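Okay, here's the prediction I keep looking at, along with the sequence it came from:
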Amino acid sequence: MKVALIGGGGPRTIYFTESLLKYSKRLGITELCLMDNDDRKLSAFGGICRALANDFAKNNNNPVTVTLENDFRRAVCGTKAVVFAIRAGGDDARVNDEKIALSFGLIGQETTGAGGFAYAMRTIPVMIEYLRILHETAPEAIAFNFTNPAGLVTQALCDAGFKNIYGICDNATGIKIELSKVLGISSADLKVNAYGLNHLSWVNAVRLGGTNILPELLSSQAFIDNFKLFAYFDRDIIKYLGEIPNGYLFYYYHREKALANMLKSPKTRGESIRDINRIMLEELSVLDVEKNPDTALEIFRRRMEEREGSYMKMEMDGLKKHAGLDPASYNFNFIDRKTDESGRNPAGGPLPVPEAIEGYAGVAFNCMESLWHSGKSIDVALNLPNNGAIEGMESDDVVEVSCDVDETGVKPLQFTGIPHSNFLLMKTIKRYEKLAIKAIRERRREYAYEALTIHPLVSSYSLAKCLVDKYCEANNARDWK
């Protein structure tokens with residue numbers, strides 16, 4: 001079976017490949033096609049992936065061939081699954097997106113608000129064309145979209161009539177994994193109920209053995225003060241919400257703090273990533289990476305550690321970090337943290353799901369395994385049309401909700417009684433998304449002005465108009481009416 005990764009010239013392709021190799025035998029994967037239109041990046045990172053696959057083949061009876069391709073149609077021909085992780089315009093365009101927003105005193109983060117809109121301008125037309133070709137070439141293939149802004153892009157693809165596509169974000173999975181660390185159990189023992197939109201979601205239940213333990217978690221001051229994923233937030237808002245917010249809600253709940261820290265930072269997040277990527281690529285380009293895989297991997301891991309260390313660093317400067325207490329110090333009453341040698345909870349429960357090295361890759365491969373193999377199932381958050389999953393949202397609204405996935409399909413959980421403020425924020429952002437998509441599809445500035453005017457991270461017609469005009473100029477879209 002063949003799997004294709006579109007955007008295979010990015011550094012995270014190596015994480016993706018490591019995860020795919022772990023799943024390859026169970027899924028029957030024999031070929032990974034990496035497609036990218038940047039031949040230099042594809043050669044460097046694809047070469048490392050080939051070396052990983054060659055090493056894997058020496059110790060396994062299910063060898064995987066890694067092929068490199070710069071033509072999309074050839075890349076997806078014969079595929080059963082396609083994962084999209086493209087960056088239209090590259091790192092330089094991301095830097096421009098951020099700097100233009102910051103020049104107007106606005107957050108330019110790449111997945112929401114001004115920066116997300118600019119990224120979508122370049123990305124949506126490309127993704128729609130890719131899906132058109134995919135449906136011609138491999139109509140039965142399942143598509144997973146990790147391309148940012150993931151929710152907005154997935155909404156555009158669904159609006160264009162494409163089926164069998166799911167948006168992926170590893171944030172909800174990350175919450176589950178971090179909670180399992182706190183509790184000292186396998187993440188497979190927890191069921192986390194997440195609802196909302198991509199990068200605008202909340203967890204309103206954490207179930208262990210059928211019991212919702214979230215109220216007890218949030219009643220612990222030690223947990224609130226020290227849980228890793230609360231590091232971004234004023235702890236009072238966690239108590240008030242009574243839910244676990246997605247980390248990206250930091251930009252909404254603490255907008256002025258995030259903006260102030262971004263403005264005083266010597267580099268934007270995009271500049272930091274661009275510079276690290278450039279250095280990494282230069283170091284790899286002087287090697288024959290397939291003949292020197294250990295050296296290439298050492299360069300990659302060192303630079304990626306540097307890159308990941310910069311995550312949220314600009315936005316978080318000066319804010320309180322978590323103290324990182326040992327899990328045992330939380331003293332929860334609902335679980336015995338000891339496990340036997342098999343990894344099972346002594347009270348029973350499933351064996352741990354193998355943890356993926358890279359979050360979104362793990363989500364994709366777990367979904368593939370559950371959909372294609374009888375008896376396998378997983379609960380995971382996906383972006384897909386609402387169809388009644390969240391009470392009050394429209395049927396065609398792409399939402400991000402926890403789903404049960406097995407051989408019978410993807411079944412979203414049902415969410416009712418959503419807190420009114422959360423619901424209003426979701427409705428506002430969904431209205432923004434649909435206006436933004438209309439603007440991009442029809443190349444009409446007036447819809448883009450309205451979209452950014454109502455977005456909470458802009459909230460001004462005059463600023464929206466300046467932003468859109470600047471982004472049109474920067475992205476060679478001067479023909480927008």
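Great, that's in hand. Numbers count the residues shown, from 1 in each chain.

any idea how far Thr453 is from Glu446?
11 Å (CB to CB, to the nearest Å). In this view, the C-beta of every residue, glycine as well, is placed from N, C-alpha and C.

Who has more neighbours out of those two?
The neighbour comparison of Thr453 against Glu446 (other CB atoms under 10 Å) goes to Thr453, with 19 against 15.

give me the element the more buried one is part of.
Taking DSSP states H and E as the criterion, Thr453 maps to helix 445-454.

One more: Ala194?
Going by DSSP H and E, Ala194 is part of strand 190-197.

Show residues contacting that strand.
151, 172, 175-176, 179-180, 183, 201-208, 246, 379, 381, 389-390, 398-402, 413, 415, 418, 422, 426, 429-430, 433 (CB atoms under 8 Å, 6 or more residues apart in numbering).

now do stretch 426-434
Under CB under 8 Å, 6+ apart, the answer for stretch 426-434 is 151-152, 155, 159, 196-197, 200, 390, 392-394, 397, 399, 418, 451-452, 454-456.

any idea which helix or strand of this protein has the worst average confidence?
helix 313-316 (a mean of 62; mean pLDDT, DSSP states H and E).

neighbours around Trp480, how many?
20.

What separation do you get for the residue nearest to it when sequence neighbours are not counted and Arg478?
Closest residue to Trp480 apart from its sequence neighbours, by CB to CB, 6 or more residues apart in numbering: Arg443 at 4.6 Å. Using CB to CB, Arg443 is found at 10 Å from Arg478.

Those two - which one has more neighbours?
Using other CB under 10 Å, the more surrounded residue of Arg443 and Arg478 is Arg443, with 15 against 8.

Would you mind confirming that the more buried one is in contact with Asp479?
Yes: counting by CB atoms under 8 Å, Arg443 touches Asp479, with 6.7 Å between them.

give the contact list for Leu200.
112, 151, 246, 248-249, 252, 400, 425-426, 429.

how close does it sit to Tyr253?
For Leu200, the distance to Tyr253 - CB to CB - is 11 Å.

does Ser24 really touch Thr65, like I thought?
No: counting by CB under 8 Å, Thr65 is not a contact partner of Ser24; they are 10.6 Å apart.

nearest spatial neighbour of Gly247, skipping sequence neighbours?
Tyr232 (5.5 Å).

What is the burial count for that neighbour?
Counted with other CB under 10 Å, Tyr232 comes out at 24.

per-residue confidence for it?
pLDDT recorded at Tyr232 is 86.

What of Thr416?
Reported pLDDT for Thr416: 97.

got the contact list for it?
Glu391.

Can you pull the phi/psi pair for it?
Dihedral angles of Thr416 (phi, psi; degrees, to the nearest 10) stand at phi -130, psi 160.

Looking at Ser24 and Thr65, which one has more neighbours?
Ser24 (23 against 14).

and that one, that one's in a helix?
Yes: counting by DSSP: H, G, I helix; E, B strand; the rest coil, Ser24 is found in a helix.

Can you give me the pLDDT of it?
93.

In the sheet, which residues pair with Lys411? Tell me.
Asp404 (DSSP bridges).

wait, it sits on Ala389?
No: taking contacts as CB under 8 Å, Lys411 lies outside contact range of Ala389: 9.4 Å.

Compare these two (neighbour count), which wins?
Ala389 (21 against 13).

Would you report the backbone torsion angles of the more buried one?
phi -60, psi -40.

Next, the contact list for it, please.
Neighbours of Ala389 in contact, by CB under 8 Å, 6+ apart: 195, 399, 401, 412-415.

distance between stretch 440-456 and the chain's centre?
24 Å (CA atoms, centre = their mean, to the nearest Å).

My error: substitute stretch 99-118 in the last question.
18 Å.

Which positions in that stretch come out as buried?
100-102, 104, 106-118 (16 or more other CB atoms under 10 Å).

In strands only, show me those.
Of those, none are assigned to strands by DSSP state E.

Report how many residues lie close to the nearest residue to Asn171 once chain neighbours are set aside.
Distances taken as CB to CB, 6+ apart place Asn246 nearest to Asn171, at 5.4 Å, with adjacent residues excluded. Per other CB under 10 Å, the neighbour tally for Asn246 reads 26.

residue contacts, Asn246?
171-172, 194, 196, 199-202.

rewinding a little: which stretch of helix or strand covers the residue nearest to Gly247?
Per DSSP H and E, there is no helix or strand for Tyr232.

Okay, strands next: where are they in the stretch 1-150 of the chain?
All strands of the stretch 1-150 of the chain, identified by DSSP state E, counting those that start in this stretch, fall at 2-6, 31-35, 65-69, 79-84, 142-145.

packing partners for whichever helix or strand comes after the last one?
Downstream of strand 142-145, the next assigned helix or strand under DSSP H and E is helix 150-159. The criterion is 3 or more CB pairs under 8 Å, 6 or more residues apart in numbering; DSSP states H and E, and the helices and strands that helix 150-159 contacts are helix 113-137, strand 142-145, strand 165-167, strand 378-385, strand 398-406, helix 420-442.

got the angle between helix 150-159 and helix 113-137?
Counting by axes from the mean of the first three to the mean of the last three CA atoms, to 10 degrees, helix 150-159 lies at 40 degrees to helix 113-137.

Just the CA trace of helix 150-159, in CSV.
Below are the C-alpha coordinates for helix 150-159, written out as CSV (Å, rounded to 0.1, in the frame of the first residue of the first chain):
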residue,chain,number,x,y,z
ALA,A,150,-6.2,23.7,9.3
GLY,A,151,-9.8,24.4,10.2
LEU,A,152,-10.2,27.2,7.6
VAL,A,153,-8.5,25.1,4.9
THR,A,154,-10.6,22.1,5.7
GLN,A,155,-13.8,24.2,5.7
ALA,A,156,-12.8,25.5,2.2
LEU,A,157,-12.3,22.0,0.9
CYS,A,158,-15.6,20.7,2.3
ASP,A,159,-17.4,23.8,0.9
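
Any buried residues in it, and which?
So helix 150-159, judged by 16+ other CB under 10 Å, has buried residues 150-159.

can you check stretch 77-85 too?
Taking 16+ other CB under 10 Å as the criterion, stretch 77-85 shows 77, 79-85 as buried.

ditto for stretch 83-94
83-89, 91, 93-94.

same thing with stretch 467-481?
467-472, 474-475, 477, 480.

So which of the residues you listed is the closest to Ala4?
Ranked by distance to Ala4 (CB to CB), those are led by Asn475 at 26.9 Å.

quick one, phi/psi of that closest one?
Per degrees, to the nearest 10, the backbone of Asn475 is at phi -110, psi 20.

What separation do you get for the residue nearest to it when sequence neighbours are not counted and Leu463?
Ranked by CB to CB, 6+ apart and with sequence neighbours excluded, the top spatial neighbour of Asn475 is Met121, at 5.5 Å. Going from Met121 to Leu463 by CB to CB gives 17 Å.

These two: who's more crowded?
Met121 (25 against 18).

Am I right that the more buried one is in contact with Arg441?
No: Met121 is beyond contact range of Arg441, at 10.9 Å (criterion: CB under 8 Å).

mind listing what's buried in the helix or strand that contains Arg207?
Assigned by DSSP H and E, Arg207 belongs to strand 200-208. Buried residues in strand 200-208, counted by 16+ other CB under 10 Å: 200-206, 208.
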